[in-house]
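Novice: take this sequence and fold it.
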Amino acid sequence: MSGGPENGKYVRTLQLLARRADFWHVRQGSPNSSLRTVPRRQRPDHRPSAAQRAVEAERAETRAWLHDRVLQHLDYLAAGGYADEPDAATLLRVAAHAAEELRAYVDGDEAAEPCDLGVALAVVASDARLLAGDVRIQLVVGASAVDLPQPVVDALAGAVREALANVAKHATARRATVRADLIDGAVVVRIDDDGRGFDPGRTAFGFGLRHSVLGRMTRVGGTASLESAPRAGTRITLTVPLPDTTAPEVVA
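Specialist: Have a look, this model is predicted:
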């Protein structure tokens with residue numbers, strides 16, 4: 001795939017943004033299959049203010065966006081696609097899609113995120129298929145009628161996006177299934193693949209799993225867990241409890 005000076009300038013911009021996003025990648029493994037955050041070293045008497053917490057949350061979302069969108073597309077282009085043979089037409093489509101997303105982000109013209117979980121997951125699955133190659137992605141949504149807060153929908157959709165990107169890059173899978181259900185008062189989203197799997201106890205979890213998946217779930221009061229074994233595929237489970245609407249109303 002050839003390109004002129006403008007294409008070169010665009011790729012260099014993506015590389016700079018990707019390096020800034022990946023600066024936050026702490027290479028620390030996990031001793032078990034649970035995804036856990038890396039504690040920040042702070043003085044015992046340090047208590048961040050509400051403004052500091054808001055700024056850090058915004059930075060975390062920006063880093064996650066750069067990782068999930070710009071860096072994923074850049075990785076795909078740098079690898080020449082994830083198929084055995086490079087497909088120039090697909091590479092051009094991915095580059096054009098990445099340019100549109102980045103331009104909209106810089107201009108502040110991003111499309112509003114869908115407020116319905118089923119619609120949001122459908123958008124994620126459609127985007128993931130662009131990078132999935134031969135991997136068949138199936139979406140099963142049983143919780144689309146649930147009225148979820150927008151931050152919860154965004155967090156679940158972002159975490160699923162990262163999980164599917166990992167399937168495309170690492171799993172050597174033929175199939176991936178995303179299933180959303182209501183289970184015991186919580187929204188549960190599972191991402192399963194039939195790929196090669198791995199030993200979580202011997203694998204260093206990178207930025208994507210710790211921040212794009214676990215970080216997003218933590219910020220909305222949810223959890224994330226991972227199950228995998230060599231030659232046995234991988235499952236990521238995202239769980240967000242629903243507000244208790246059965247509690248009696250108290251009138252002062």
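
Novice: and Gly215, how many neighbours?
Specialist: 23 (other CB atoms under 10 Å). All C-beta atoms are positioned from the backbone trio N, CA, C, and that covers glycine.

Novice: same question for Leu130.
Specialist: Count around Leu130 with other CB under 10 Å applied: 15.

Novice: contacts only, for it.
Specialist: By CB atoms under 8 Å, 6 or more residues apart in numbering, the contact set of Leu130 is Thr90, Arg93, Val94, His97.

Novice: try 7 Å this time
Specialist: Arg93, Val94, His97 (CB atoms under 7 Å, 6 or more residues apart in numbering).

Novice: out of those residues, which are inside helices?
Specialist: Judged by DSSP state H, helices contain the following of the contacts of Leu130: Arg93, Val94, His97.

Novice: the closest residue to the last one other than its chain neighbours: which element?
Specialist: For His97, ignoring the flanking residues on the chain, the nearest one in space by CB to CB, 6 or more residues apart in numbering is Leu130 at 6.4 Å. With elements taken from DSSP states H and E, the one containing Leu130 is helix 117-132.

Novice: return that helix as CSV; C-alpha atoms alone will do.
Specialist: Taking C-alpha atoms only, helix 117-132 is exported to CSV below (Å, rounded to 0.1, in the frame of the first residue of the first chain):
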residue,chain,number,x,y,z
LEU,A,117,-26.7,-1.8,25.7
GLY,A,118,-27.8,-4.0,22.8
VAL,A,119,-27.2,-1.2,20.2
ALA,A,120,-23.8,-0.3,21.8
LEU,A,121,-22.6,-3.9,21.6
ALA,A,122,-23.9,-4.2,18.0
VAL,A,123,-21.7,-1.2,17.1
VAL,A,124,-18.7,-2.7,18.9
ALA,A,125,-19.2,-6.1,17.2
SER,A,126,-19.5,-4.4,13.8
ASP,A,127,-16.3,-2.4,14.3
ALA,A,128,-14.5,-5.5,15.6
ARG,A,129,-15.3,-7.5,12.5
LEU,A,130,-13.2,-5.0,10.5
LEU,A,131,-10.1,-6.3,12.2
ALA,A,132,-11.2,-9.9,12.9
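
Novice: give me the next element, helix or strand, following it.
Specialist: Downstream of helix 117-132, the next assigned helix or strand under DSSP H and E is strand 136-141.

Novice: between helix 117-132 and that next one, find me the angle.
Specialist: Computed by axes from the mean of the first three to the mean of the last three CA atoms, to 10 degrees, the angle separating strand 136-141 from helix 117-132 equals 170 degrees.

Novice: tell me the helices and strands packed up against strand 136-141.
Specialist: With contacts defined as 3 or more CB pairs under 7 Å, 6 or more residues apart in numbering; DSSP states H and E, strand 136-141 has these neighbours: helix 117-132, strand 175-183.

Novice: could you tell me the least trusted of the ones you listed?
Specialist: Of all these, mean pLDDT reaches its minimum on helix 117-132 (a mean of 88).

Novice: what comes up buried for it?
Specialist: Neighbour counts over helix 117-132 (16 or more other CB atoms under 10 Å) mark Leu117, Gly118, Ala120, Leu121, Ala122, Val124, Ala125, Asp127, Ala128, Leu131, Ala132 as buried.

Novice: how about the helices in the stretch 101-250 of the chain?
Specialist: 117-132, 150-166, 207, 216-219 (DSSP state H, counting those that start in this stretch).

Novice: pLDDT below threshold where in the stretch 51-200 of the chain?
Specialist: Within the stretch 51-200 of the chain, the stretches with pLDDT under 70 are 64, 67, 83-84, 109-114, 143-145.

Novice: thinking again about what came up before, just the buried subset of the contacts of Leu130, please.
Specialist: Among these, those scoring as buried are Val94 (criterion: 16+ other CB under 10 Å).

Novice: columns distance to Ala50 on top of the contacts of Leu130, output as JSON lines?
Specialist: Listed next are those as JSON lines, based on distance: CB to CB, whole Å:
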{"residue": "Arg93", "distance to Ala50": "43"}
{"residue": "Val94", "distance to Ala50": "40"}
{"residue": "His97", "distance to Ala50": "37"}
